[in-house]
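Colleague: Pasted the sequence and its predicted model underneath.
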Amino acid sequence: MHTKGRVEMQTDTDGQPLKRRAANLTIRTDVLELARALHVNTSRAAEAGIIRAIREVQAREWLRGNKAAIEAHNARVDKDGTLLTPDWAAD
């Protein structure tokens with residue numbers, strides 16, 4: 001997280017720094033060499049990619065779990081229209 005040009009340490013709900021644990025990852029050699037040449041923090045980059053993958057899976061699961069409700073809502077809007085019409089959209 002960036003604030004006024006500096007990076008803030010991520011903390012848990014009690015304000016304590018988030019704990020980290022070493023993990024073994026297998027990464028393509030060319031990718032790792034380029035990351036090192038560009039001084040990319042590979043641990044942080046891997047963590048960011050894993051977080052992004054988790055969010056994508058969670059979003060797909062949420063959509064799958066709420067599919068019936070979304071379809072029912074869309075069918076109601078198709079049949080009856082929206083509940084409210086903003087002033088800018090009124091005829």
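Modeller: On my side now, so go ahead.
Colleague: contacting residues for residue 49?
Modeller: Contact analysis of residue 49 by Cβ atoms under 8 Å, 6 or more residues apart in numbering lists nothing. All C-beta atoms are positioned from the backbone trio N, CA, C, and that covers glycine.
Colleague: can you give me the offset of stretch 68-85 from its chain's centre?
Modeller: Chain-centre distance of stretch 68-85: 27 Å, with Cα atoms, centre = their mean, to the nearest Å.
Colleague: pull the CA atoms of that stretch into PDB?
Modeller: Provided in PDB are the C-alpha atoms of stretch 68-85 (Å, rounded to 0.1, in the frame of the first residue of the first chain):
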ATOM      1  CA  ALA A  68     -29.700 -18.200  -9.400                       C
ATOM      2  CA  ALA A  69     -30.200 -15.000  -7.500                       C
ATOM      3  CA  ILE A  70     -28.500 -12.900 -10.200                       C
ATOM      4  CA  GLU A  71     -30.600 -14.600 -12.900                       C
ATOM      5  CA  ALA A  72     -33.800 -14.100 -10.800                       C
ATOM      6  CA  HIS A  73     -33.000 -10.400 -10.400                       C
ATOM      7  CA  ASN A  74     -32.200  -9.900 -14.100                       C
ATOM      8  CA  ALA A  75     -35.500 -11.700 -15.000                       C
ATOM      9  CA  ARG A  76     -37.400  -9.400 -12.700                       C
ATOM     10  CA  VAL A  77     -35.700  -6.300 -14.100                       C
ATOM     11  CA  ASP A  78     -36.500  -7.500 -17.700                       C
ATOM     12  CA  LYS A  79     -40.100  -8.000 -16.700                       C
ATOM     13  CA  ASP A  80     -40.800  -5.100 -14.400                       C
ATOM     14  CA  GLY A  81     -38.000  -2.700 -15.000                       C
ATOM     15  CA  THR A  82     -35.800  -1.200 -12.400                       C
ATOM     16  CA  LEU A  83     -37.200  -0.200  -9.000                       C
ATOM     17  CA  LEU A  84     -36.000   3.300  -9.300                       C
ATOM     18  CA  THR A  85     -35.200   5.500 -12.300                       C
END
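Colleague: Pull the residues that contact that stretch.
Modeller: For stretch 68-85, contacts defined as Cβ under 8 Å, 6+ apart pick out residue 63.
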